[in-house]
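**Q** need a structure here:
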Amino acid sequence: MTVFLGVCVIAESGAQMKKLRLNVFRVDAATVVARVQGWFAAEGLDVETIITPSSTEQMRGVAQGKFEIVVTAFDNVMAWSGREGAEIVAVAQIADKLALPIFVRPEIKNWSDLKGKKLGTDAVDTSYALVLRRILLEKGLDLTRGDYVLVALGSTPQRLNSMIKGETYAANLNSPFDLQALDAGLRRIGDSKEVLPDYPDQVLAINREWGEKNRDSVIGFLRAWLKAGTWIREPGNREAAIKMVGAELKLNPKQAEASVDELSTTGNLNLPGLQVVLDLRNQFGFKLPKGDKLPVYYDAAFLNAAKGK
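**A** Okay, here's the model as predicted:
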């Protein structure tokens, strides 16, 4: 059994703050704004963002209590719920739908050129790998026939660097690394919307046991995060948000703008999209520890409470 201990710090004002460790592949715009504007602090929260090198490290960490909240693919929530003695659930959605672009090296002119090549992914059994496999199936390339090789490389920067070095020939890349890929001379050959138009973007997820014991912290985090998203969406704040995100994350203006524009307007979980993720995992024969019933893997009550419902 995992034991969760509340971590607290003392703010300059003398008030006790609850420390939350937020583990992410990349920091989203609303988290940046909520921290800079002091809205996390107003909820009594000191939010530390930690960049993860891989899905495995991230999900094992939230299962074991090393992180309180993670931003991750919904597929990771399903794959890890029931492992390490923990029940992981999605509580909100970062962005509505995912248009996960596939990038290739410049010598790859069409999909058939990928036959016999090494393709990069974070891990061979995660959502990015399954989305890539589904797209390639539609293009006539089948992993089970040995048409290509999937190489587990970890996070998006690692996949990008592997292609730049010529170690692998294709990978799916999310923002802002897609823009970096273009700058490096790589070519976008397609994206997930061609085959999976409803596939959802990343979610905020927690260990349910910790969440039930720290309900006010989860709701407070979501309330501040939603407030930041609302502020960003106000037309008069757009330029300020882009500058703020760019400065905090060291992004150029185009990358910062993409980060701002991808945010969900509501945080609501896209349930039809989440079902697509579940169906895709079933298609490729990956069994889930908690079974194949979608409601096991999400809990909208925290978000509803943050919205005052």
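**Q** Could you tell me which strands sit next to the helix or strand containing Leu22 in the sheet, and their orientation?
**A** Assigned by DSSP states H and E, Leu22 falls within strand 16-24. In the sheet, strand 16-24 lines up against strand 7-10 (antiparallel), strand 45-51 (parallel), strand 69-72 (parallel) (DSSP bridges).
**Q** Which pLDDT does the model give the closest residue to Trp231 other than its chain neighbours?
**A** Once flanking residues are discounted, Trp231 sits nearest to Asn237: 5.5 Å by Cβ to Cβ, 6 or more residues apart in numbering. All C-beta atoms are positioned from the backbone trio N, CA, C, and that covers glycine. Asn237 is assigned a predicted lDDT (pLDDT) of 97.
**Q** measure Asn237 to Ser264 for me?
**A** According to Cβ to Cβ, to the nearest Å, Asn237 and Ser264 sit 17 Å apart.
**Q** More neighbours: the two, which one.
**A** Between Asn237 and Ser264, Ser264 has the larger neighbour count (other Cβ atoms under 10 Å), namely 22 against 15.
**Q** ok, now which ones touch Gly229?
**A** When contacts are counted by Cβ atoms under 8 Å, 6 or more residues apart in numbering, Gly229 touches 30, 263-265, 267.
**Q** Could you rerun that using 7 Å?
**A** 30, 263, 267 (Cβ atoms under 7 Å, 6 or more residues apart in numbering).
**Q** before we move on, back to that, with Ala129 as the reference, name the closest of the strands paired with strand 16-24.
**A** Proximity to Ala129 (Cβ to Cβ) singles out strand 69-72 among these, at 14.4 Å.
**Q** State the mean pLDDT of that closest one.
**A** If you average the pLDDT over strand 69-72, you get 96.
**Q** before we move on, what about stretch 33-41?
**A** Stretch 33-41 shows a mean pLDDT of 97.
**Q** With stretch 207-227 instead?
**A** 97.
**Q** Restrict that stretch to CA atoms and write it as CSV.
**A** The C-alpha coordinates for stretch 207-227 follow below in CSV (Å, rounded to 0.1, in the frame of the first residue of the first chain):
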residue,chain,number,x,y,z
ASN,A,207,-3.8,8.8,-7.9
ARG,A,208,-7.4,8.5,-6.7
GLU,A,209,-6.3,7.5,-3.1
TRP,A,210,-4.3,10.7,-2.7
GLY,A,211,-7.0,12.7,-4.4
GLU,A,212,-9.7,11.6,-2.0
LYS,A,213,-7.5,12.4,1.0
ASN,A,214,-6.5,15.8,-0.5
ARG,A,215,-9.7,16.8,-2.3
ASP,A,216,-9.3,20.5,-1.5
SER,A,217,-5.9,20.6,-3.0
VAL,A,218,-7.0,19.0,-6.3
ILE,A,219,-10.0,21.3,-6.5
GLY,A,220,-7.9,24.4,-5.7
PHE,A,221,-5.4,23.4,-8.4
LEU,A,222,-8.1,23.0,-11.0
ARG,A,223,-9.8,26.2,-9.9
ALA,A,224,-6.6,28.2,-10.4
TRP,A,225,-5.8,26.4,-13.7
LEU,A,226,-9.3,27.1,-15.0
LYS,A,227,-9.0,30.8,-14.0
